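Undergrad: sequence first, then the predicted structure:
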Amino acid sequence: MLKIGMQSNGYKKLSSLLKKPSFTTAEATSRGVSSSQLHYYASKGYIEKLSRAVYRGNDLVRKEVPFEWEDLISTAESIPEGQICLISALALYDLTDEVPRQFWIAIPHKRYAPKRPKAKIVRMRDVATGSTKIKLGSAQVLIFDRERTIIDSFRFLSTEIAIKALKRYLSGKYGKPDFIKLRKYSLKLKTSIDKYVEAITT
């Protein structure tokens, strides 16, 4: 169990960060751990490098995070103000049969889009509407709620994917539909889905 690395003072300084799904070089240096130390720990297998300047603990706490969402969580956590959206959110809510080949993450429109492996960054002017947190194992991640995700599906994805997601949402099998919230979001985001709701529910 990596005894030498676990005893080093530098590694001990990372203890709080190792409990997170991921952490950045900046977070480590703020705790007195240099980038060269991080490189050393990664080379020895004490931590894992996810992408440029982004790391995670190799065998601590990770067991508490659902395996199928581990990389998505790490990616979302590593992006400032990033929150899970669109295909990734639909998959988490079980509102699609699409297999996410990328990690769909929304960020504020004016924020720089960092590069992450397999990440699909979507800039949005409104990232507050429908923003919420869900718990996945030991991790809490930012994500748009189901209603915002449905509306965004009509804004950014194909009509086919959006309609299938709406049908699942309205079926009530995956949670009670909130028509008031759905209507509120559609007006705020200027995306009417009334004709689709009517066609499905009549």
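TA: Arrived safely, thanks for sending. From a predicted model like this one, the values you see are computed outputs, not experimental measurements.
Undergrad: hang on, Phe154 packs against Asp194?
TA: No. With contact taken as Cβ atoms under 8 Å, Phe154 and Asp194 are classed as non-touching, separated by 11.2 Å. In short, each C-beta sits where N, CA and C put it, glycine included.
Undergrad: these two: who's more crowded?
TA: Remark: of Phe154 and Asp194, Phe154 carries more neighbours, 20 against 10, as counted by other Cβ atoms under 10 Å.
Undergrad: for Lys135, see how far away the more buried one is.
TA: 28 Å (Cβ to Cβ, to the nearest Å).
Undergrad: same check on Lys173?
TA: From Lys173 to Lys135 the distance is 22 Å (Cβ to Cβ).
Undergrad: now for the lengthiest helix in the chain, which elements pack on it?
TA: Secondary structure of the chain per DSSP state H: the longest helix is helix 159-171. In terms of contacts (3 or more Cβ pairs under 8 Å, 6 or more residues apart in numbering; DSSP states H and E), helix 159-171 is packed against helix 86-92, helix 146-156, helix 194-201.
Undergrad: dump these to JSON lines, plus mean pLDDT.
TA: As requested, the helices and strands packed on helix 159-171 are arranged in JSON lines below (pLDDT from 0 to 100):
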{"stretch": "helix 86-92", "mean pLDDT": "95"}
{"stretch": "helix 146-156", "mean pLDDT": "98"}
{"stretch": "helix 194-201", "mean pLDDT": "95"}
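Undergrad: I'd assumed Arg148 was in contact with Gly130.
TA: Yes. At 2.6 Å, Gly130 and Arg148 qualify as touching, with contact defined as Cβ under 8 Å.
Undergrad: mutual contacts of those two, please.
TA: Tyr185 (Cβ atoms under 8 Å, 6 or more residues apart in numbering).
Undergrad: against Lys12, how distant is Gly32?
TA: Separation of Gly32 from Lys12 (Cβ to Cβ): 10 Å.
Undergrad: much appreciated, bye for now.
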